[in-house]
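In: From the sequence below, what's the structure:
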Amino acid sequence: MSEMANADPEGIDGVRMSWNVWPRTKVEASKCVVPLAASIAPIRHHPEIPTLPYAPLRCKSCSAVLNPFSRVDFTAKIWICPFCYQRCHFPPHYAMISETHLPGELYPQYTTVQYALPQSTHPNPALDSAQQANPSPVFLFLLDTCMIEEELGFVKSELKRAIGLLPDNALVGFVSFGTQVQVHELGFSDMSKVYVFRGTKEVSKDQVLEQLGLGVGARRVAGAYQKGVQNGFPNSGVTRFLLPASECEYTLNSLLDELQTDQWPVSPGNRSSRCTGVALSVAASLLGACLPGTGARIIALVGGPCTEGPGTIVSKDLSDPVRSHKDLDKDAAPYFKKAVKFYESLAKQLVGQGHVLDLFASALDQVGVAEMKVAVEKTGGLVVLAESFGHSVFKDSFKRVFEEGEHSLGLCFNGTLEINCSKDIKIQGIIGPCTSLEKKGPAVADTVIGEGNTTMWKMCGLDKSTCLTVFFDLSSSDRSSAPGTANPQLYLQFLTSYQDPEGQSMLRVTTVTRRWIDTAVSSEELVQGFDQEAAAVVVARLTSLKMEMEEGFDAIRWLDRSLIRLCSKFGDYRKDDPSSFTLNPCFSLYPQFMFNLRRSQFVQVFNNSPDETAYFRMLLNRENITNAAVMIQPSLISYSFNSLPAPALLDVASIAADRILLLDSYFSVVIFHGMTIAQWRNMGYQNQPEHQAFAQLLSAPHDDAQIIIHERFPVPRLVVCDQHGSQARFLLAKLNPSATYNNAQEIAAGSDIIFTDDVSLQVFFEHLQRLAVQS
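Out: Predicted coordinates:
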């Protein structure tokens with residue numbers, strides 16, 4: 001498709017679909033093998049999106065918003081909703097409109113617009129006008145103190161830097177935890193005042209509030225809003241535990257200076273007692289009491305596994321290892337289900353309050369990301385997994401969260417997504433960082449994928465790169481009553497309301513249209529509308545979900561069968577003649593994506609810990625299609641003396657002694673020096689004036705790697721390695737093993753082989769062709 005060749009395939013709408021032309025019936029859709037799905041980046045930045053300073057006009061019957069596809073009768077001042085065909089009257093302030101004088105939302109090129117909403121529509125009517133005028137962002141830091149002195153030093157210096165980067169009006173709170181939980185009352189500046197909670201048992205929200213002096217009685221007194229309102233918040237809890245960054249920076253810095261590692265003794269052969277679960281539930285209750293319905297984030301910095309109280313993932317005895325994938329498969333992880341259940345209830349509480357959980361986990365052992373995944377994903381939180389708090393993956397990612405300017409993440413709060421669609425289209429659900437709000441309606445499908453049973457979702461936290469995948473189904477109507485007979489176009493509308501970083505309430509409206517076609521008559525158009533990259537990512541997300549949710553799901557077998565069915569349906573061949581098999585260019589890259597997906601960390605999980613797998617899947621589910629495609633099929637660039645940097649095949653044959661390769665696999669960026677290049681570098685040729693070209697060749701991949709690293713969140717790990725060196729495995733593991741120890745005699749000098757029994761892409765294709773043409 002020409003659209004695929006575009007530098008920005010998502011366009012102004014931020015929407016990509018697996019199929020850009022839709023079959024008319026459920027049966028025909030199921031024959032397409034790849035599901036009907038759309039990936040949407042709800043608040044992605046685009047310079048051409050207009051902001052309209054008034055409230056949107058909604059259809060009185062289905063509440064869709066006026067858009068360029070609405071039919072308008074300018075003389076009668078009526079518009080017809082393309083979703084339900086309801087005739088709606090324009091209100092008096094639209095009296096001036098005509099063919100030559102259109103409001104912004106009717107311009108044909110503005111299929112995406114955003115409305116700056118008047119503040120009266122604030123999600124929390126209980127807050128007073130000052131707070132509604134400009135709600136400050138709120139950051140509650142939650143710091144694990146059960147770590148060695150050096151690690152705590154790293155994390156403290158990063159915290160100080162972060163607090164210095166916060167806007168002055170941002171509210172900041174601080175909770176530390178180890179064997180017990182300490183809530184620091186920053187508003188009490190005479191001395192450090194701390195409220196301590198036991199880490200051994202669950203603390204209810206009421207108990208937390210009672211102990212912090214925020215119970216019902218205390219709040220009733222503070223409920224008289226007239227006196228003691230600061231920053232528009234009722235005086236009691238907010239001014240004691242959450243202070244503007246400008247006021248508490250000094251207090252917090254001195255508190256961090258004095259903060260020590262957890263002082264409780266740890267007997268030999270035991271892990272520290274760490275009560276992560278209790279700490280998170282105390283933090284959630286504190287925010288729930290002070291700021292319900294206001295954008296707030298809990299930023300958890302965790303340095304090891306929870307061993308105490310709710311959310312425990314492993315016993316304190318070091319001879320008990322943390323659960324592995326094998327344990328989870330055999331049901332031999334005694335703490336897992338209970339911990340997940342605890343985090344599910346925490347997620348429910350946070351979503352109800354509109355608050356986000358961000359997780360920064362840095363440890364050599366697992367910390368429980370697999371269990372916490374549900375709370376991070378359902379609240380739309382950020383997640384970063386690193387080996388140490390001193391590692392650039394943590395340090396640079398943490399700094400990015402608070403940066404302003406072009407590298408800012410554009411963190412927004414309190415989002416909801418609503419979807420309207422044409423009659424006969426049903427929504428099965430969404431895979432991505434959101435929670436179903438269980439809003440039923442005629443567009444809800446019977447089968448559920450991910451967060452379903454609704455046409456409305458909550459996203460407590462979202463940023464400009466957040467991406468969701470919506471799965472659609474068609475109602476099982478006959479072709480005679482299909483919508484295409486009356487109307488050849490189908491319409492989808494995505495409504496995202498959210499609070500931007502400045503506190504302004506916004507509503508973004510994206511309306512897209514695609515064509516219905518009768519696949520029995522013309523499947524050529526269907527083929528032309530296939531987006532291979534989007535389809536590969538949709539299938540990868542669906543596979544990951546099935547691996548988590550379905551007992552005994554065989555991912556490789558399922559992927560292979562789906563690919564064979566797809567090639568049988570859309571390939572050109574003579575029955576039982578594999579040599580005659582060809583694929584339309586619109587499908588030609590798809591089998592390669594599937595080959596790499598089968599070998600990726602999303603499917604081959606046994607080489608990773610459950611924490612790493614959960615981390616990879618969370619990022620796969622929240623990134624845009626282009627980034628997710630790189631996770632599945634990394635990109636490889638080759639640098640050599642006699643040519644400009646050029647894309648290279650993801651194949652072991654691309655390795656040469658006089659070449660440098662740059663591999664981008666999203667989570668890591670690898671610079672790989674061929675043998676000769678490495679020898680010359682070790683001899684220091686690059687420092688000699690006559691070898692200027694060599695110095696430039698060495699620096700070029702580093703410059704390109706830095707560009708990738710600066711644009712990405714979480715910041716990827718940079719690996720610099722040489723051919724035959726120990727770290728070369730980071731590259732070799734991703735390459736197609738066209739040369740292995742079995743056929744080593746055929747390889748070119750200076751190239752390499754891979755010690756594996758995995759099939760190569762060539763062999764994979766041959767089997768695919770043979771199976772696809774079988775009658």
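
In: give me phi/psi at the residue most central in space within the chain?
Out: Most central in the chain under Cα atoms, centre = their mean is Arg622, positioned 2.0 Å from the mean C-alpha point. Here is the backbone geometry of Arg622 (degrees, to the nearest 10): phi -110, psi -10.

In: the domain parsing of the chain - what is it?
Out: Following the TED database, the chain resolves into domains at 15-115+411-476+487-529, 138-213+237-401, 634-735.

In: Which among these is found nearest to Val773?
Out: In terms of Cβ to Cβ, the element of the domains of the chain nearest to Val773 is domain 15-115+411-476+487-529, at 16.4 Å. C-beta here means a position set from N, CA and C on the backbone, and glycine is covered the same way.

In: how about the nearest residue to the residue nearest to the centre of the chain, chain neighbours excluded?
Out: Leaving aside its sequence neighbours, Arg622 sits nearest to Pro433 (Cβ to Cβ, 6 or more residues apart in numbering; 4.9 Å).

In: what helix or strand does the one you found sit in?
Out: Using DSSP states H and E, Pro433 falls within no helix or strand.

In: Repeat that for Leu359.
Out: Per DSSP H and E: strand 355-362 holds Leu359.

In: List the strands paired with that strand, with their directions.
Out: Note on strand 355-362: by DSSP bridges, its sheet partners are strand 296-302 (parallel), strand 383-386 (parallel).

In: Kindly compare burial across the ones you listed and name the winner.
Out: strand 296-302 (a mean of 26; mean count of other Cβ atoms under 10 Å).

In: Now do that one: everything it contacts.
Out: With Cβ atoms under 8 Å, 6 or more residues apart in numbering as the test, strand 296-302 has contacts from 137-144, 155, 159, 171, 276, 279-280, 283-284, 287, 350, 353-363, 367-368, 381, 389, 401, 411, 413, 461.

In: how close does the closest residue to Phe83 other than its chain neighbours get to Leu597?
Out: Once flanking residues are discounted, Phe83 sits nearest to Ala64: 4.6 Å by Cβ to Cβ, 6+ apart. Ala64 is 36 Å from Leu597, where distance means Cβ to Cβ, to the nearest Å.

In: between these two, which one's more packed in?
Out: Ala64 (27 against 24; other Cβ atoms under 10 Å).

In: max-length strand in this structure?
Out: Across the chain, the longest stretch assigned as strand under DSSP state E is strand 505-517.

In: quick one, strands of the stretch 601-750 of the chain?
Out: Taking DSSP state E, counting those that start in this stretch as the test, the strands found in the stretch 601-750 of the chain are 635-640, 643-647, 660-664, 668-673, 717-722.

In: between the fourth one and strand 635-640, how many degrees?
Out: Right, the one you point to is strand 668-673. Per axes from the mean of the first three to the mean of the last three Cα atoms, to 10 degrees, the angle that strand 668-673 makes with strand 635-640 is 20 degrees.

In: one step back: for the residue nearest to the centre of the chain, give me its contacts.
Out: By Cβ under 8 Å, 6+ apart, the neighbours of Arg622 are Glu377, Gly432, Pro433, Ser465, Thr466, Cys467.

In: Quick one: mean pLDDT for the longest strand of the chain?
Out: The average of the pLDDT scores along strand 505-517 is 96.

In: next SSE after that strand?
Out: helix 524-528.

In: May I see the buried residues of that next one?
Out: Buried positions in helix 524-528, judged by neighbour count with 16 or more other Cβ atoms under 10 Å: Leu526, Val527.

In: helices and strands around that helix, which ones?
Out: Helices and strands touching helix 524-528, by 3 or more Cβ pairs under 8 Å, 6 or more residues apart in numbering; DSSP states H and E, are strand 21-23, strand 505-517.

In: Quick check: which of those is buried the most?
Out: strand 21-23 (a mean of 23).

In: list the helices and strands that one packs on?
Out: helix 26-31, strand 505-517, helix 524-528.

In: ok, the nearest residue to Thr511 once chain neighbours are set aside to Ile427 distance?
Out: Spatial nearest neighbour of Thr511, excluding adjacent residues (Cβ to Cβ, 6+ apart): Asn67 at 3.9 Å. Computed as Cβ to Cβ, the Asn67 to Ile427 distance reads 19 Å.

In: Please say which of those two ends up with more neighbours.
Out: Ranked by neighbour count (other Cβ under 10 Å), Asn67 and Ile427 place Asn67 first, with 26 against 23.

In: hmm, back to that, export the contacts of Arg622 to a markdown table and tack on neighbour count and distance to Cys721?
Out: Shown next, in a markdown table, are those (neighbours: other Cβ atoms under 10 Å; distance: Cβ to Cβ, whole Å):
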| residue | neighbour count | distance to Cys721 |
| --- | --- | --- |
| Glu377 | 23 | 33 |
| Gly432 | 27 | 34 |
| Pro433 | 28 | 33 |
| Ser465 | 18 | 29 |
| Thr466 | 27 | 33 |
| Cys467 | 24 | 31 |
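
In: can I get those in a markdown table with distance to Arg240 and pLDDT?
Out: A markdown table is the format used below for the contacts of Arg622 (distance: Cβ to Cβ, whole Å; pLDDT from 0 to 100):
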| residue | distance to Arg240 | pLDDT |
| --- | --- | --- |
| Glu377 | 32 | 98 |
| Gly432 | 37 | 98 |
| Pro433 | 32 | 98 |
| Ser465 | 35 | 93 |
| Thr466 | 33 | 96 |
| Cys467 | 39 | 97 |
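
In: Include distance to Trp79 when you put the residues you listed into JSON lines, please.
Out: Listed next are these as JSON lines, based on distance: Cβ to Cβ, whole Å:
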{"residue": "Glu377", "distance to Trp79": "38"}
{"residue": "Gly432", "distance to Trp79": "32"}
{"residue": "Pro433", "distance to Trp79": "34"}
{"residue": "Ser465", "distance to Trp79": "34"}
{"residue": "Thr466", "distance to Trp79": "31"}
{"residue": "Cys467", "distance to Trp79": "31"}
